[in-house]
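Student: missing the sequence, but the structure's below:
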């Protein structure tokens, strides 16, 4: 999670530096308090191209830390996850990989790394590991004790964090794709991008979530990645495709049927399904000429739409796709 160079870093030598960001306890009996939010899931949010690489690698690869962190001189590689909810959009991209937090945290110790201050946020970083780092002298962080930005209420096994600040968990291992619970399409922050620093350099930041989702689903369906289809299921109804994924599919369909080249070289219907998958790959690759050339082989826009939704149905294999 590369952040801008204007941030200042403060490493801790005592719990005093994290006490300023303590979870506001107890939780409210009604409504919610942003200083004490319960969480059971964390996310790793990425841009579309990085999300495709994660799917291709079948894991989130741990990487070195390059920003103004105390870890930037260590050979510790980490994956970044966070419980943070970004109301105005996520600075890391559109594609949110959700994980059950208890499964990631199980058997690991927590170490306070540092507090970062930028002109937009306070960031508290915790290294989550089952390795011995006694030679680096990290402060142990006891999640079962109140007084910091993260708290695990042991009697209820409920985790809480202070959402006024940004808590970043640094897991010092690859995270396998099998640990992903679901994939969600979220809003990219319109004026701030952690990867590109300036949004003018980010090709994704102006895209609505459903468009970014359409590109990811074009890759997934075009390459027949049936192993990940369950990640697009509704959280409440596992046999239904999530409403945001359906919106992305509808967006993808509209992207296809607006092509002016449709019907200029119609071919036999027997190969249309495979042609549609090839079309989806060209959409993901951004090769408009190839996409239009393939779409010219369909009889008309109605045929494109019919075949598209048939391919969607084949891919999701019995899951309900509730279209408007």
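Tutor: That came through, no problem. None of these values were measured; they are calculated from a predicted model.
Student: Averaged over its residues, which helix or strand of this structure has the lowest pLDDT?
Tutor: Lowest on mean pLDDT, DSSP states H and E among the helices and strands of the chain sits strand 8-10, with a mean of 53.
Student: Isn't residue 181 up against residue 43?
Tutor: No - using C-beta atoms under 8 Å, residue 181 is not in contact with residue 43; the gap is 9.8 Å. Bear in mind the C-beta positions are built from the backbone N, C-alpha and C, glycine included.
Student: Which one of those two is surrounded by more residues?
Tutor: Ranked by neighbour count (other C-beta atoms under 10 Å), residue 181 and residue 43 place residue 43 first, with 27 against 19.
Student: Assumed the more buried one was part of a strand.
Tutor: Yes - when DSSP: H, G, I helix; E, B strand; the rest coil is applied, residue 43 is found to be in a strand.
Student: Look up the closest residue to it, ignoring the ones flanking it.
Tutor: residue 96 (4.4 Å; C-beta to C-beta, 6 or more residues apart in numbering).
Student: Buried residues in the helix or strand harbouring that neighbour, which are they?
Tutor: Per DSSP states H and E: residue 96 is located in strand 95-100. Using 16 or more other C-beta atoms under 10 Å as the test for burial, strand 95-100 gives 95, 96, 97, 98, 99.
Student: Next up, the contacts around the second one.
Tutor: Contacts here follow C-beta atoms under 8 Å, 6 or more residues apart in numbering; on that basis residue 96 touches 43, 44, 45, 90, 183, 184, 185, 186.
Student: how close does it sit to residue 320?
Tutor: To residue 320, residue 96 is 22 Å away according to C-beta to C-beta, to the nearest Å.
Student: May I ask you to confirm that residue 85 is in contact with residue 163?
Tutor: Yes - applying C-beta under 8 Å as the test, residue 85 and residue 163 come out as touching, 6.1 Å apart.
Student: So those two - more neighbours on which side?
Tutor: A direct count of neighbours by other C-beta under 10 Å for residue 85 and residue 163 places residue 163 higher, at 21 against 13.
Student: Next SSE downstream of the least confident helix or strand of the chain?
Tutor: With DSSP H and E, the next secondary element past strand 8-10 is helix 16-19.
Student: That'll do, ta.
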